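K.L.:
Got a predicted structure here, sequence first:
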Amino acid sequence: MILGIESTAHTFGIGLVENKKILCNVKDSYTTKKGGIIPIDAAKHHALVCDKVYEEALKKAEVNENEITAIAFSSAPGLSPCLIEGMKFAKRKAEELGIGVVCVNHCVAHLEIGRMTGAKDPVLLYASGANTQIIAYAGGKYRVFGETLDIGVGNFIDNFARYLDIGFPGGPKIQKLAEKGEYIELPYRLKGMDVAFSGILTKLKQIHDSGKYNVEDLAFSLQETVFAMLVEAAERALAHTDKKELLLGGGVGCNTRLQEMCKIMCKERGAKFFVPENSLLQDNGAMIAYLGEIMFNKGLGVKDKDIDKIDINSKERTDDVVVKWRE
Ligand code: ATP
Ligand code: FE2
């Protein structure tokens, strides 16, 4: 049984996994009414809630902590103060229980958890807060075929939602507003398989300030435009790699309009579409435990004195990780 800890950004989460089965997935997220996430404050939040989340996870799974075989934690990438809190907690528990530690890359965990859906060799559309990448597995690594040239699509949506003063996270709120909106043309920023959002963000703010359109229309047009960019990039990757599956990952993947657009595109080109449930798309401890277990079973855990040498890596990219656990 592997315990997984997630603490890369706003969420402190703990999940327990045994033989690829998720026993529990508990989290507590730091939120702000105004402004962006302040890393030090998010880290303080994590330090405050970690023991409570841990107890709740054990209770939900109805297990004793002595049954845990190893502790997995997201060691990369993310906000350093937040990553450090997760690592401190992982090392403390590993020492108390006398067990090993597995270091997991958060982005790769977002992708690997998608394999629970039955996708075998998909093109991955990874759309989260800080990341937006079109990925496919090839030659021992998750290769990035296309990505955002500036900000992540989730951060773009959150930024505009904050501008509208509707709070954080903005994704679900924009989705709700979009239900009643009509289309306004916005810039479309797709180059090859790369996308960019900051120009669209500026344009949206200008249109909003002009007072000519209501927020519903802005939300609708935002979704139609940027999701079309993502789906077109994903389609190019499918065509280029000749793969027959598309897998959606990351928190923005919760968006039902994005899911619908992916479904339509896949149907049109005879590909299969996969998406995990919402609790596994957003930051969570279960995905860390899930990949942690796979890595642990391949001997990729760290034991005893070597645990002291473990450190975080706030900048490690998806394609930096050598995937030693896949055949
Ligand atoms: P990363 O994985 O890149 O480090 P993160 O950890 O911040 O980023 P996730 O937890 O995977 O990201 O996703 C959070 C993002 O998902 C937020 O930007 C949030 O607004 C967005 N989101 C959540 N639900 C929806 C939705 N229904 N529609 C659009 N966006 C959504
Ligand atoms: Fe994430």
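P.N.:
Arrived safely. Ligands and ions are numbered 1, 2, ... in the order given.
K.L.:
Which positions within stretch 200-215 qualify as buried?
P.N.:
Buried residues in stretch 200-215, counting neighbours by 16 or more other CB atoms under 10 Å, are found at 200, 201, 203, 204, 207, 208, 215. Where you see a C-beta, it was placed from the backbone N, CA and C, and this is true even at glycine.
K.L.:
swap in stretch 302-318?
P.N.:
Those would be 302, 307, 310, 312, 314, 316, 317, 318, for stretch 302-318 by 16+ other CB under 10 Å.
K.L.:
What residue in the stretch 51-200 of the chain comes nearest to ligand 2?
P.N.:
Ranking the residues of the stretch 51-200 of the chain by distance to ligand 2 (CB to the ion) places residue 128 first, at 4.4 Å.
K.L.:
Contact partners for the one residue sitting closest to the centre of the chain?
P.N.:
Geometric centre of the chain, nearest residue: residue 250, 3.5 Å, by CA atoms, centre = their mean. Residues near residue 250 by CB atoms under 8 Å, 6 or more residues apart in numbering: 110, 126, 127, 128, 129, 131, 154, 281.
K.L.:
Number of residues surrounding the fourth one?
P.N.:
To tie it back to what came earlier, the one meant is residue 128. 23 (other CB atoms under 10 Å).
K.L.:
Quick check: nearest residue in space to it, chain neighbours excluded?
P.N.:
The shortest distance from residue 128 to any non-neighbouring residue, by CB to CB, 6 or more residues apart in numbering, is to residue 250 (3.1 Å).
K.L.:
How about the contacts made by the closest residue to ligand 1 within the stretch 51-200 of the chain?
P.N.:
Residue of the stretch 51-200 of the chain nearest ligand 1, by CB to the nearest ligand atom: residue 171 (2.0 Å). For residue 171, the contact set (CB under 8 Å, 6+ apart) comprises 154, 157, 158, 161, 251, 252, 254, 255.
K.L.:
was I right about the last one contacting residue 175?
P.N.:
Yes: taking CB atoms under 8 Å as the contact criterion, residue 255 and residue 175 are neighbours in contact, 5.5 Å apart.
K.L.:
the more surrounded of those two?
P.N.:
residue 255 (24 against 19).
K.L.:
low-scoring pLDDT stretches of the stretch 101-250 of the chain, where are they?
P.N.:
By pLDDT under 70, the stretch 101-250 of the chain has no low-scoring segment.
K.L.:
can you give me the helices for it?
P.N.:
106-112, 153-163, 171-178, 198-210, 215-241 (DSSP state H, counting those that start in this stretch).
K.L.:
Residues of this structure that sit close to ligand 1?
P.N.:
Listed as neighbours of ligand 1 in the chain under the rule CB under 6 Å from any ligand atom: 8-9, 78, 106, 110, 128-131, 152, 154, 157-158, 169-172, 175, 250-252, 254-255, 282-283.
K.L.:
just the buried members of those?
P.N.:
Buried, going by 16+ other CB under 10 Å: 8-9, 78, 106, 110, 128-131, 152, 154, 157-158, 169-172, 175, 250-252, 254-255, 282-283, out of the residues of the chain next to ligand 1.
K.L.:
picking up where we left off before, now the helices of the stretch 101-250 of the chain in CSV, please, with extra columns for distance to ligand 2.
P.N.:
Below are the helices of the stretch 101-250 of the chain laid out as CSV (distance: least, CB to the ion, whole Å):
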stretch, distance to ligand 2
helix 106-112, 6
helix 153-163, 8
helix 171-178, 12
helix 198-210, 20
helix 215-241, 16
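K.L.:
Let me have the ones you listed in JSON lines, extended by distance to residue 16.
P.N.:
As requested, those are exported to JSON lines (distance: least, CB to CB, whole Å):
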{"stretch": "helix 106-112", "distance to residue 16": "15"}
{"stretch": "helix 153-163", "distance to residue 16": "27"}
{"stretch": "helix 171-178", "distance to residue 16": "27"}
{"stretch": "helix 198-210", "distance to residue 16": "39"}
{"stretch": "helix 215-241", "distance to residue 16": "32"}
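K.L.:
Which of the contacts of residue 250 sits closest to residue 73?
P.N.:
Closest to residue 73 out of the contacts of residue 250 is residue 110 (15.0 Å), distances taken as CB to CB.
K.L.:
does whatever residue of the stretch 201-327 of the chain ends up closest to ligand 2 sit in a helix, a strand or a coil?
P.N.:
Among the residues of the stretch 201-327 of the chain, residue 283 lies nearest to ligand 2; the distance is 4.3 Å by CB to the ion. Put simply, residue 283 is coil when judged by DSSP: H, G, I helix; E, B strand; the rest coil.
K.L.:
So it is in contact with residue 9, correct?
P.N.:
Yes: contact status for residue 283 versus residue 9: in contact at 6.6 Å, counting by CB under 8 Å.
K.L.:
Determine which two of the contacts of residue 250 are furthest apart.
P.N.:
Longest span within the contacts of residue 250, CB to CB: 131 and 281, 12.7 Å.
K.L.:
near ligand 2, which residues of this protein?
P.N.:
The chain comes close to ligand 2 at residues 128, 283, as judged by CB under 5 Å from the ion.
K.L.:
Sweet, I'm off.
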